[in-house]
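**Q** give me coordinates for this.
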Amino acid sequence: MRKKNTILEKKEFSPHVLRLIKEYKQQEINLLNLWGSEARVLSLVSNELRLKFKKARDLYGDAYNSKDDAKMLEMINMMKRAFDVLIKDLRDQGYREVEADIRCFDWDGDLWYVTDMDYQLPRARATTGDPNANYISIQELLRAVPKEMMDMRLLLAKQFEGSSFQYVKTVKSNDS
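**A** Next up, the predicted model:
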């Protein structure tokens, strides 16, 4: 009696579909970079449009997990249309792409627009048109870093090339 092959074949996308997925993801990254971030885009559109987009994103994820070529091609096209609708809505509302010297970050659920210098902040406020966001410059952030921490950072950088802080935990002293 022969044993049945109990190892299931793992389903994979065809090379053509893999190439299309990679192209789509690069288009998505480029588009979101132009508009700041996905958090910014979704914060500026209506709740209805935001929910539709998130549902489309979920359907895309389901198709990706299914490894079905035909379904994935359909979902790539759907996501491209979804992004077109988002961008059209933003433009219709009068929003513009984020300028090259203004970056947008989602930090703990809050949008932050970051410029290099303090004098760029008023223009960032005027061009982003986002009254609920926060604005800060790298110049201001550096002023907020204690000198001891900057000295420690420089020492680490000299001793361990490529090192960087991932997290800094502050501890309250019992002395105070």
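
**Q** so what touches the helix or strand bottoming out on mean pLDDT in the chain?
**A** Least confident helix or strand of the chain, by mean pLDDT, DSSP states H and E, is helix 121-128 with a mean of 82. Applying C-beta atoms under 8 Å, 6 or more residues apart in numbering, the contact partners of helix 121-128 are 36, 96, 98, 99, 102, 104, 113, 115, 135, 136, 137. For the C-beta atoms, the positions are set from N, CA and C on the backbone; glycine is no exception.

**Q** now, of those, which are buried?
**A** In the contacts of helix 121-128, burial by neighbour count holds for 36, 98, 102, 104, 113, 115, 135, 136, 137, counting by 16 or more other C-beta atoms under 10 Å.

**Q** what's the pLDDT at the fourth one?
**A** Taken from the predicted model, the pLDDT recorded for residue 104 is 87.

**Q** what's the answer for the last one, then?
**A** In the predicted model, residue 137 carries a pLDDT score of 92.

**Q** check contacts around it.
**A** Contact partners of residue 137, counting by C-beta under 8 Å, 6+ apart, are 114, 115, 116, 117, 118, 120, 121.

**Q** what's the nearest residue to residue 110 once chain neighbours are set aside sitting at in phi/psi?
**A** Once flanking residues are discounted, residue 110 sits nearest to residue 134: 5.9 Å by C-beta to C-beta, 6 or more residues apart in numbering. Note on residue 134: its backbone torsions stand at phi -110, psi 150 [degrees, to the nearest 10].

**Q** once you drop chain neighbours, what's closest to the residue most central in space within the chain?
**A** The centroid of the chain falls nearest to residue 37 when counting by C-alpha atoms, centre = their mean (4.8 Å). Computed as C-beta to C-beta, 6+ apart, the closest residue to residue 37 that is not its neighbour in sequence is residue 104, at 4.7 Å.
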